[in-house]
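Colleague: the sequence and its predicted three-dimensional model are supplied below.
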Amino acid sequence: MTPIVVTLDAMRCAMRVAGFAWSDAELEVLRPGLERALASLDELERLPLGDTEPTTQYRIL
Amino acid sequence: MGDVVWSSVVDLARMIATKEVSPVDVTRAFLERVAALDGTLKSFITVSGESALDAARAAEADLVAGRVQGPLHGVPLGLKDLFNTAGVRTTGGSKILADSVPAEDATVVRRLRAAGAIVLGKLNMHEFAYGPEGLNEHYGHARNPWDARQARVAGGSSSGSGAAVAAALVPFALGSDTGGSIRIPAALCGITGMKPTYGRTSRAGVLPLAWSMDHVGPMTRSAADSALVLRAMAGYDPADPTTSVLPVPDYTAALTGDVKGLRIGLLRPFFMDGSAPDVTAAVESAARALEGLGAIVDDVRLDSVRHVAAASFAIVASEALAYHAEWMRTRSADYQPDVRERLKMGAFVTGVQYVRAQQVRARVRAEVDEALARRDVLLAPTTPLPAPVLGQTETRIGDARTDVRSALIRLTRPFNFSGHPACSLPCGVSGEGLPIGMQFVGRPFDEATVLRVADAYQRLTDWHRRRPPLA
């Protein structure tokens, strides 16, 4: 996994866009876990998913 | 009443129907065990003693009058405290809903009551079902009954359901499973937990964690009991648009004990390879035992499952925060810290990442379907390790250190992601005497075959009959 660095500024922006207002201290607690999570999500961007239709309904049959 | 509390659901239902035992005496016997043991186990959030006894008296009057409500007439059960119950609080294991009293039962609760079952109370859980350890800072952590020396987790999120069934405080319980929350406590507590196919059981009236990954199902001490309970609760529900219109088969009739020629795919890479040696040995031994019954076992791999952790994080974090958004804005301090942090993470997942995760999901589902095209069931450990000690955050599997939370959920989550039915059942004990669980995974809506192979294994072994020291 390629490490991803997330700045506090970027976290503040994303949080505001999502409609939340957490303190910098609260965001700092989240940062290590968020960097790991975003690095793993970045791996998904490298998968050859092509035009795979996303699962948009869940009734299997 | 002694050993009656250790009777199977099948036997209890039969003994009640034939008036061998009274539903009032049975209900009272379980309530006495709750009073005696639950101070240590903390498996209940709410005990509905009076209403349970009232229902038991009504069940007895029905029997005297020659009326039998259904296949579970007079049999008590416990409900994970996220199933709505009319007039009885449904907390979700939270402070936020501590005083929330629904007006109606969840569909599956209504169906089980219609089948004659008696609700004994509401069971402990990881707050809002968001954790595989089963921790709860508001109502106390449910304790695994298999270790009398030190407190171990019961597994989550249906921790109270796992502990209560294992310790015979209830003959069966309902749980919900978003990443393994039925199967993980089943494995750690030595019981049988059945996660049906997505769409087989209604989620209406059940507090959600992540709508597209949530499943509800029975937690019992045997596959035969799960078969009986699942039939009573499954089926189409207009209140849950994801439920299937497929008819519900008679699962009990499928339990023939015959697995000759049944094709079992043993999931070795990722599943066996990442598990502790005593877990791997127990599952290998179970596979050999099934071969001895005439099943055909081969190795199978699912390459795409290595992406499930990242993809399911994107889906569960997004869906969970969407449900909790308003409370996270107004009552964030009322969540227990680990749940609050997990919920916050959902704010940083983008729409593109969510959709990418759903693309991965389609791939994983197709790969599981393909593996099952040539096999009847897949077999894997349920968890890569037995029950951790309460408070333990890291563990070692082989040479690798890993965090307990990720390890507990690693082998179950792929089948929430794919939606396939999966049943966990005990298959051995660790060097420390703790239960080890394995899971059978079946084709969509083929719970009957999953339960058939689980039952055949339980006819051959006695792991599911063992009693924990704290019971």
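Modeller: Happy to help now that I have it. Numbers count the residues shown, from 1 in each chain, chains lettered A, B, ... in the order given.

Colleague: list the contacts of the residue at minimal distance from the centre of chain B.
Modeller: Central residue of chain B (CA atoms, centre = their mean): B:I182, 1.9 Å from the mean position. Going by CB atoms under 8 Å, 6 or more residues apart in numbering or on different chains, B:I182 touches B:158, B:161, B:175-176, B:193-195, B:215, B:217, B:219, B:424. Every residue, glycine included, has its C-beta placed from N, CA and C.

Colleague: same thing but 10 Å
Modeller: B:I182 makes contacts with B:80, B:155, B:157-158, B:161-162, B:173-176, B:191-196, B:215-219, B:412, B:416, B:422-424, as judged by CB atoms under 10 Å, 6 or more residues apart in numbering or on different chains.

Colleague: okay, and which of the residues you listed map to helices?
Modeller: Residues of these located in helices (DSSP state H): B:161-162, B:416.

Colleague: make CSV out of those residues and add pLDDT and neighbour count.
Modeller: Shown next, in CSV, are those (pLDDT from 0 to 100; neighbours: other CB atoms under 10 Å in any protein chain shown):
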residue, pLDDT, neighbour count
B:S161, 98, 38
B:G162, 98, 39
B:N416, 96, 28
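
Colleague: list the contacts of B:P414.
Modeller: Per CB under 10 Å, 6+ apart, neighbours of B:P414: B:179-180, B:267, B:270-271, B:302, B:304-309, B:312, B:364-365, B:367-368, B:380, B:420, B:422, B:441.

Colleague: these in helices, which ones?
Modeller: B:308-309, B:312, B:364-365, B:367-368.

Colleague: looking at these, which is nearest B:V109?
Modeller: Nearest to B:V109 among these, counting by CB to CB, is B:S312 at 27.5 Å.

Colleague: hang on, isn't that closest one packed against B:S406?
Modeller: No - the pair B:S312 and B:S406 does not pass the contact test of CB atoms under 10 Å, sitting 11.6 Å apart.

Colleague: quick check: neighbours shared by the two?
Modeller: B:R413.

Colleague: so which of these two has more stuff around it?
Modeller: Between B:S312 and B:S406, counted using other CB atoms under 10 Å in any protein chain shown, B:S312 has the larger neighbour count: 23 against 13.

Colleague: if I look at the more buried one, how far off is B:S212?
Modeller: Per CB to CB, to the nearest Å, B:S312 is found 10 Å from B:S212.

Colleague: what of A:A14?
Modeller: 23 Å.

Colleague: what ranges does chain B have for its strands?
Modeller: Applying DSSP state E to chain B gives strands spanning B:44-47, B:76-80, B:118-123, B:173-177, B:192-195, B:215-220, B:263-267, B:296-300, B:377-381, B:394-397, B:400-403, B:422-429, B:435-442.

Colleague: residues contacting residue 50?
Modeller: Unless you meant another one, I'm taking chain A. B:Q359.

Colleague: correction: the question concerned chain B.
Modeller: Contacts of B:E50 by CB under 10 Å, 6+ apart are B:L31.

Colleague: what distance separates the longest helix along chain A from the centre of its chain?
Modeller: The single longest helix within chain A, with elements called by DSSP H, is helix A:24-45. Offset of helix A:24-45 from its chain centre (CA atoms, centre = their mean, to the nearest Å): 7 Å.

Colleague: who are the contact partners of A:M1?
Modeller: A:36, A:38-40, A:42-43, B:310.

Colleague: which among those residues gets closest to B:E326?
Modeller: Of the contacts of A:M1, the one sitting nearest to B:E326 (CB to CB) turns out to be A:L38, at 25.6 Å.

Colleague: burial of the closest residue to the closest one other than its chain neighbours, as a residue count?
Modeller: Distances taken as CB to CB, 6 or more residues apart in numbering or on different chains place A:I4 nearest to A:L38, at 4.7 Å, with adjacent residues excluded. Close neighbours of A:I4, defined as other CB under 10 Å, add up to 14.

Colleague: test my guess that B:M233 contacts B:G175.
Modeller: No - counting by CB under 10 Å, B:M233 does not reach B:G175; the two are 11.8 Å apart.

Colleague: so the two - more neighbours on which side?
Modeller: Shown here are B:M233 and B:G175; by other CB under 10 Å, B:G175 has more neighbours (34 against 26).

Colleague: I'd say that one and B:M219 touch.
Modeller: Yes - using CB under 10 Å as the test, B:G175 is close enough to B:M219 to be in contact (4.8 Å).

Colleague: what's the overlap in contacts for those two?
Modeller: Between them, B:G175 and B:M219 share the contacting residues B:78, B:80, B:123, B:158, B:161-162, B:165, B:182-183, B:185-186, B:193-195, judged by CB under 10 Å, 6+ apart.

Colleague: of these, closest to chain A?
Modeller: B:K195 (13.7 Å; CB to the nearest CB).

Colleague: the closest residue to the closest one other than its chain neighbours: neighbour count?
Modeller: Spatial nearest neighbour of B:K195, excluding adjacent residues (CB to CB, 6+ apart): B:D177 at 4.3 Å. Other residues lying near B:D177 total 31 when counted by other CB under 10 Å.

Colleague: likewise for B:D258?
Modeller: Other residues close to B:D258 by other CB under 10 Å number 13.

Colleague: wait, it sits on B:R452?
Modeller: Yes - the criterion here is CB under 10 Å, and B:D258 meets it with B:R452 at 7.9 Å.

Colleague: spit out the residues that contact the two alike.
Modeller: Contacts common to B:D258 and B:R452, judged by CB under 10 Å, 6+ apart, are absent.

Colleague: many thanks, have a good one.
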